[in-house]
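> sharing a model prediction with you, sequence too.
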Amino acid sequence: MSATAAESTLLDREMGQAALPVLLMATDQLPYPPRNGITLPFYNYLMGLQAHYQLRLVLFVDADHPPDPQAWADNEARFGAIVQVPLRRRSKWRRLADELRGAEMFQHGYQLAAAALPTLPAAERLLISPMSAVAKWRSSGLAAVAAVPLAVAALNDCTAAEYYFRGSQSFGGWKGRLKGLLDRLRTPLVARVEARLLQPYQHLLLQTQTDADLMGRLVSSELARRVQLAPNGVRLDYFELTPAASSRQIVFVAELSGEYAAIAHWLVQEVWPLVAAGDADCRLLMVGKGASPALQQAIASAQRVAHVSFVPDLTDVYGQSMMALSPVFKGFGLINKTLEAMAAGLPVVGGVAAFNGIAEFRDRHNGIAAPRTTQQFAQAILSLSQDSERRRQVGLAGRAAVASQFRWETTVAAIHTLLQA
């Protein structure tokens, strides 16, 4: 192609984009690379909606911990110039007072860290995600000055439900139980703030019907009527592989700090000894960052347990494993790692909430999809480790369930329909 023809093609593309409506998309993490439950959906929303809109990305950044310059450049190369909104965290006492009076949640509590707000491009539509970005949109002052007629908040899950269900988990010893109780006591305060923050939005996106029901029960029945289900998708082509039939490896993938730290300890110290005693050949691989020295010591002391902080490609791990574990009991949200393992054809032994949004699969495979005690969880693992044909059948059923219900194309199309209203 000649230089003149190339310039003409580029000009045609830019003119075509200029004819599209402007969509503001606001978030608080750089979307590329998609690496967690926040950036994964937002990145796929960007990729799917760019054919229908001129996208203008707005990013809330912590002024005391700015993004890596190279990562920022990589994102601007993909999505165009990013509007930066610098914020700074308020003091703990101020955040506590704000939550008690129903103004803002304690874990949010940011204020503008610049002399003036940045100028936003004129737009008639806003898509903002996650809930922390909704809070920052308000606390920064943008909500008061940006006149956007149609606003959609992609929340992933119900924040009040997160605090309510933390009190139902029995992991983490007395400190974990005490924190869970305090979080549960905070639920009405969190729900009051959540209702206030979401009131201006015409549409709310949640990932599961469980979250929509909890929104109505804990936050507001009126807000629950605005909910559109928008489950995460999975790239089936990326996870299209056949698990090794002769493998004896079991894999657990998670961020090993925060709420999963106590679960990881439980898995290594209570569940795994029962499994190792019942199956002398199986081994456990734990993949994830954030393992504390205490957890690392527990892993080192356990039989046939290994840990790696990072793998460049999870499909390599899934392809060398016979099953995956998803010990999630929190009662809300959609668990991406469960979906990815199922898409890879691995049977998954999960906690009662690991299959949120996949109720039909959970009910059909109840023995492995809803163990509630240490003994039941270990027995579910052993029942699969000793039956290769059942592993194959459950793996096929899981992949079919993901293929039929969790497609990015379907979710993005539903969001596009809302934005056209």
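Cool, got the structure. Residues are numbered from 1 along each chain as shown.
> find the nearest non-adjacent residue to T338, please.
On the basis of C-beta to C-beta, 6 or more residues apart in numbering, the spatially nearest residue to T338 that is not a chain neighbour turns out to be S326, at 4.5 Å. Yep, even glycine has a C-beta here, placed from its N, CA and C like the rest.
> show me what that neighbour is bridged to.
Taking DSSP bridges as the rule, S326 bridges to G350.
> and the gap between it and D68?
Between S326 and D68 the distance is 31 Å, computed by C-beta to C-beta, to the nearest Å.
> counting neighbours, go ahead and name the busier of these two.
Taking S326 and D68 together and counting by other C-beta atoms under 10 Å, S326 has the greater number of neighbours (22 against 9).
> got a list of what the more buried one touches?
Taking C-beta atoms under 8 Å, 6 or more residues apart in numbering, we find S326 in contact with 252, 335, 337-338, 341, 348-351, 354.
> mind checking which of those are in helices?
337-338, 341 (DSSP state H).
> ok, so of these, who is nearest L285?
Taking C-beta to C-beta as the measure, L285 lies nearest A341 of those, at 12.6 Å.
> so what's the residue count around R186?
Residues contacting R186 under the criterion other C-beta under 10 Å number 20.
> give the closest residue to it in space, chain neighbours not counted.
Nearest residue to R186 in three dimensions, chain neighbours excluded: Y163, at 5.4 Å (C-beta to C-beta, 6+ apart).
> number of nearby residues for the one you found?
Under the neighbour criterion other C-beta under 10 Å, Y163 is assigned a count of 25.
> swap in D281?
Other residues within reach of D281 by the criterion other C-beta under 10 Å amount to 9.
> quick check, it in contact with R248.
Yes. Taking contact to mean C-beta atoms under 8 Å, the distance of 4.7 Å between D281 and R248 places them in contact.
> list the residues that contact the residue lying closest to Q249 once chain neighbours are set aside.
Of all residues beyond its chain neighbours, the one nearest Q249 is S321 (4.6 Å), with distances taken as C-beta to C-beta, 6+ apart. Remark: with contacts taken as C-beta under 8 Å, 6+ apart, S321 is in contact with 243-244, 247, 249-251, 285, 346.
> most neighbours of all those, which one?
Among the contacts of S321, L346 has the most neighbours (other C-beta under 10 Å), with 27 neighbours.
> what stretches of the stretch 151-300 of the chain score poorly on pLDDT?
Applying pLDDT under 70 to the stretch 151-300 of the chain flags the ranges 166-177, 180.
> which parts of it are strands?
With DSSP state E, counting those that start in this stretch, the ranges of strands along the stretch 151-300 of the chain come out as 203-206, 227-229, 249-253, 283-287.
> now do the last one and strand 249-253, the angle between them.
With axes from the mean of the first three to the mean of the last three C-alpha atoms, to 10 degrees applied, the angle from strand 283-287 to strand 249-253 works out at 20 degrees.
> helices or strands next to strand 283-287 in the packing?
Helices and strands touching strand 283-287, by 3 or more C-beta pairs under 8 Å, 6 or more residues apart in numbering; DSSP states H and E, are strand 249-253, strand 305-308, helix 314-319.
> how does it look with 6 Å?
In terms of contacts (3 or more C-beta pairs under 6 Å, 6 or more residues apart in numbering; DSSP states H and E), strand 283-287 is packed against strand 249-253, strand 305-308.
> likewise the first one?
Based on contacts counted as 3+ C-beta pairs under 6 Å, 6+ apart, the elements that strand 203-206 packs against are strand 150-156, strand 227-229.
> for the stretch 1-150 of the chain, which segments count as helices?
Across the stretch 1-150 of the chain, reading from the start of the chain, the helices by DSSP state H, counting those that start in this stretch fall at 3-18, 39-49, 69-79, 92-100, 131-139, 142-145.
> correction: the previous question concerned the stretch 151-300 of the chain.
Counting by DSSP H, counting those that start in this stretch, residue ranges of the helices within the stretch 151-300 of the chain are 159-166, 173-198, 209-214, 221-224, 259-266, 272-278, 293-301.
> and those, which is most packed in?
The highest mean neighbour count among these, using mean count of other C-beta atoms under 10 Å, belongs to helix 159-166: a mean of 24.
> now it, how far from the centre of its chain.
When C-alpha coordinates are averaged (C-alpha atoms, centre = their mean, to the nearest Å), helix 159-166 and its chain have centres 15 Å apart.
> so which of the helices and strands packed on strand 203-206 is nearest V22?
Relative to V22, the nearest member of the helices and strands packed on strand 203-206 by C-beta to C-beta is strand 150-156, separated by 11.7 Å.
> can you list the residues that contact the closest one?
Outside strand 150-156, the residues within contact range by C-beta atoms under 6 Å, 6 or more residues apart in numbering are 125-131, 134, 201, 203-207, 418.
> quick check: ChimeraX command selecting the buried ones in those.
Selection of the buried residues among those in ChimeraX, burial being defined by 16 or more other C-beta atoms under 10 Å:
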select :125,126,127,128,129,130,131,134,201,203,204,205,206,207,418
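> for the contacts of strand 150-156, work out which two are farthest apart.
Distances among the contacts of strand 150-156 were taken as C-beta to C-beta; the most separated pair is R125 and Q207, at 21.2 Å.
> hang on, the earlier thing: I'd like the helices of the stretch 1-150 of the chain as TSV, with distance to D237 appended.
TSV is the format used below for those (distance: least, C-beta to C-beta, whole Å):
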stretch	distance to D237
helix 3-18	26
helix 39-49	14
helix 69-79	20
helix 92-100	44
helix 131-139	30
helix 142-145	38
